[in-house]
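# This is the structure alone, sequence omitted:
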RNA sequence: GGAGGCGUGGUGUAGUGGUGAACAUACCGGUCUGUCACACCGGAGAUCGCGGGUUCAAUUCCCGUCGCCUCCGCCA
């Protein structure tokens, strides 16, 4: 195919001193025009960088005249000669700062309206404006860096899986609604009016079927959908790295997968050491008050229930008497917590269910604080147990165990941030293992699978299925990075008898199990390999690598907190004929009608 | 479903019960041959998100509503 005469021969960011004297053509966007009268500088940008075009009225009158008409974000083709700049005109801040292009022709390929915000590194425009003009936002170098980073990371992930014998296999996007888990996005069927597909929350059941099918090693980088409320790190559509392997133990999955993660991270310039440390769930909850602890800093939670029971402090004694616990975090000397800080911490603790927050300052000459007078003879034992140095302050929560853990876990994170312990602290990756198999759902008065009903219990806990389900541990594992859950998986049940016992625990009758998961159970009648796998949240992973505050910074076209896309206007009402074809009707007075009654976007 | 924060020229902010609504930047015009966040001179640009209330008077106070952000619930 012949080259059109305006097409690039070199990228803007790659014009170099070695090219001096050569005739080149660049294509790109006008970054900035500096008009000096009869000398005009035009910075031209493409995805590789910026290069300066110097238009001299005396040397190239035609190109000069064209250059004066240029405005920001015009798309141009510039042909000219690469020239070394005079030594005093070199710009050391620019990659191409030692050269410039002396144009013989400046061609406008496309004019542009003035953009609503400047196309530059650190934009301060409102995110709503950025999303409405996302195509302009994505011109900015930092957004392009994030997208390129994502590409490189995904490429490295795929390469690793390919090199290790995994096949990438697609699974349906239009599938069947399953009873457990998140709310499904539904898609009405036109050919079967009144019936609905669901978009996949994850390809869980399909990947297990692929194991039954003997594919052995499966991976898919796959879009998943969950109709739940959004967060800074959560979108209703997101991408998983979905993995399943046959004839493996939890140990195999963890060792192989951590190599994959380390390899992919290395490909984007992040070095992490393997093996990753491991922490069992019970310890994580007790020490860090979280199943995804941030191990970039210490501030462990210490249990002082035994000692607290011996004090004269009513709140402690009553909590213990009711079967609760008293736990504490020691804030090191030098944190300089004011009375106001402590009140703020108490408020934080209450926001996570604690009734209050007691505190004790360990000073050289004794205890200080409102509770000090009740501690009495237990002071020395308390200080020793807490390993609290002079000048430190301990904060206490007395409550039932789960509440104390959760509240102190939250305080630990608040303190970590406030004391600047996470900054420059490196990266802390770890596996959390030995999750409980079941969770008690108080609302419905039954046990629920914490991971999912096909997760295999730990072998030695099998007898507990009938006697004490709360103590059954699952062969499940989560990968946690700096306090963010980036992936989780499990070994699945492949024995029919175990599966039936787990279903019994969950209160399913045989008939219910068959109705809900029949297609998988049927498949399991035909020879199932032991298997297990894991899934990662790709968006979160890339967000972490990019050091971004929000998942939206690493997604090209994300949604707002209400699930909308300001660029396309999705979601939107549809033509009545579309509804009619599907046999659907929007109910008068229902939620749809109420939404339609609301005014449109008030900021337009 | 709940809590909090925010909403003022294109963009980012300031501000006040009575203003000519301020500043920066972008934008338009002009001068300028070495700038690179060019500089300098001049200009235009805002029914202060929307609706209602209190008041002689509301951008400001109150209520509602819409939108954006964060968090709780939710996310097997």
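All right, it came through fine. If you're wondering where the values come from, they're calculated on a predicted model, not measured in any experiment.

# Roughly how far does the residue nearest to residue A:537 when sequence neighbours are not counted sit from residue A:13?
When the adjacent residues along the chain are set aside, residue A:537 lies closest to residue A:486, with 5.8 Å between them (Cβ to Cβ, 6 or more residues apart in numbering). In this view, the C-beta of every residue, glycine as well, is placed from N, C-alpha and C. Computed as Cβ to Cβ, to the nearest Å, the residue A:486 to residue A:13 distance reads 32 Å.

# Neighbour count for the two, which is higher?
Legend: neighbour count by other Cβ atoms under 10 Å for residue A:486 and residue A:13, higher for residue A:486 (22 against 18).

# wait, doesn't the more buried one sit right on residue A:432?
No: in this structure residue A:486 lies outside contact range of residue A:432 using Cβ atoms under 8 Å: 11.4 Å.

# Identify the residue of the stretch 401-550 of chain A closest to RNA strand B, quick one.
residue A:452 (3.3 Å; Cβ to the nearest atom of the strand).

# what number of residues lie near that residue?
For residue A:452, the tally of surrounding residues (other Cβ under 10 Å) stands at 17.

# Who is residue A:102 paired with across the strands?
According to DSSP bridges, residue A:81 are recorded as the beta-bridge partners of residue A:102.

# dump the residue contacts of it.
Residues touching residue A:102, when contacts are defined by Cβ atoms under 8 Å, 6 or more residues apart in numbering, comprise A:53, A:54, A:56, A:59, A:60, A:80, A:81, A:83.

# can you pick the most crowded of the residues you listed?
residue A:53 (25 neighbours).

# Name the nearest residue to it, sequence neighbours excluded.
What sits nearest to residue A:53 in space, not counting adjacent residues and going by Cβ to Cβ, 6+ apart, is residue A:42, at 4.3 Å.

# Wasn't that neighbour part of a strand?
Yes: with DSSP: H, G, I helix; E, B strand; the rest coil as the criterion, residue A:42 is located in a strand.

# Show me what the longest helix along chain A packs onto, helices and strands only.
Scanning chain A for the longest helix, with DSSP state H as the assignment, gives helix A:141-163. Packing contacts for helix A:141-163, counted by 3 or more Cβ pairs under 8 Å, 6 or more residues apart in numbering; DSSP states H and E, involve strand A:217-225, helix A:250-267, helix A:538-546.

# who touches the longest one?
Think helix A:250-267. Here helix A:250-267 makes contact (Cβ under 8 Å, 6+ apart) with A:152-153, A:155-157, A:160-161, A:164, A:243, A:245, A:271-276, A:278, A:429, A:431, A:433, A:475, A:477, A:479, A:487, A:489-491, A:532-534, A:536, A:545.

# Show me just the buried residues among these.
By the neighbour-count criterion of 16 or more other Cβ atoms under 10 Å, those include these buried positions: A:152-153, A:156-157, A:160-161, A:243, A:245, A:276, A:429, A:431, A:433, A:475, A:477, A:479, A:487, A:489-491, A:532-534, A:536, A:545.

# Compute the distance between the residue nearest to residue A:323 when sequence neighbours are not counted and residue A:563, please.
If you skip the residues right next to it in sequence, residue A:323 has residue A:400 as its closest partner in space, 7.3 Å away by Cβ to Cβ, 6+ apart. Taking Cβ to Cβ as the measure, residue A:400 falls 36 Å from residue A:563.

# give me the number of residues near residue A:99?
Neighbouring residues of residue A:99 were enumerated by other Cβ under 10 Å; the total is 20.

# ok, it touching residue A:53?
No: Residue A:99 lies out of contact with residue A:53 (Cβ under 8 Å); the separation is 10.8 Å.

# For the stretch 501-604 of chain A, which segments are assigned as helices?
Remark: helices of the stretch 501-604 of chain A, listed N- to C-terminal, are A:510-523, A:538-546, A:576-582, A:591-597; assignment by DSSP state H, counting those that start in this stretch.

# Around RNA strand B, which positions in the stretch 301-450 of chain A sit nearby?
In this structure, the stretch 301-450 of chain A approaches RNA strand B at residues A:351, A:439, A:448, A:449, A:450, judged by Cβ under 7 Å from any atom of the strand.

# List the ones among these that fall in helices.
The subset of those that ends up in helices is residue A:351, with DSSP H as the criterion.

# Please produce CSV containing the residues of the stretch 301-450 of chain A next to RNA strand B, extended by pLDDT and neighbour count.
Formatted as CSV, the entries for those read as follows, by pLDDT from 0 to 100; neighbours: other Cβ atoms under 10 Å:
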residue, pLDDT, neighbour count
A:351, 83, 10
A:439, 87, 14
A:448, 86, 15
A:449, 88, 19
A:450, 88, 16
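
# farthest-separated two in the residues of the stretch 301-450 of chain A next to RNA strand B?
The span of these, defined through Cβ to Cβ, is set by A:351 and A:449 at 28.9 Å.

# Any regions of chain A where pLDDT drops low?
A:1-2, A:588-604 (pLDDT under 70).

# still on that earlier bit, among the residues of the stretch 301-450 of chain A next to RNA strand B, name the ones in strands.
A:439, A:448, A:449 (DSSP state E).

# The first one contacts residue A:450, correct?
Yes: Residue A:439 lies in contact with residue A:450 (Cβ under 8 Å); the separation is 4.8 Å.

# buried sites along stretch A:169-188?
Along stretch A:169-188, the positions that meet the burial threshold by neighbour count (16+ other Cβ under 10 Å) are A:169, A:171, A:175, A:178, A:184, A:185, A:188.

# Wait, the last one touches residue A:584, no?
So that's residue A:188. Yes: counting by Cβ under 8 Å, residue A:188 touches residue A:584, with 6.0 Å between them.

# Just confirm yes or no for the longest helix of chain A near RNA strand B.
No: in this structure, helix A:141-163 remains apart from RNA strand B according to Cβ under 7 Å from any atom of the strand; the gap is never smaller than 13.4 Å.

# roughly how far apart are residue A:271 and residue A:263?
11 Å.

# list the contacts for residue A:120?
When contacts are counted by Cβ under 8 Å, 6+ apart, residue A:120 is found next to A:140, A:141.

# To which secondary structure element is it assigned?
Here residue A:120 is covered by no helix or strand, with elements defined by DSSP states H and E.

# ok, residue A:52 touching residue A:39?
No: Residue A:52 is beyond contact range of residue A:39, at 11.8 Å (criterion: Cβ under 8 Å).

# Could you count how many residues lie near residue A:125?
When neighbours are counted by other Cβ under 10 Å, residue A:125 registers 15.

# excluding its backbone neighbours, what's nearest it?
Spatial nearest neighbour of residue A:125, chain neighbours left out: residue A:117 (3.8 Å); criterion: Cβ to Cβ, 6+ apart.
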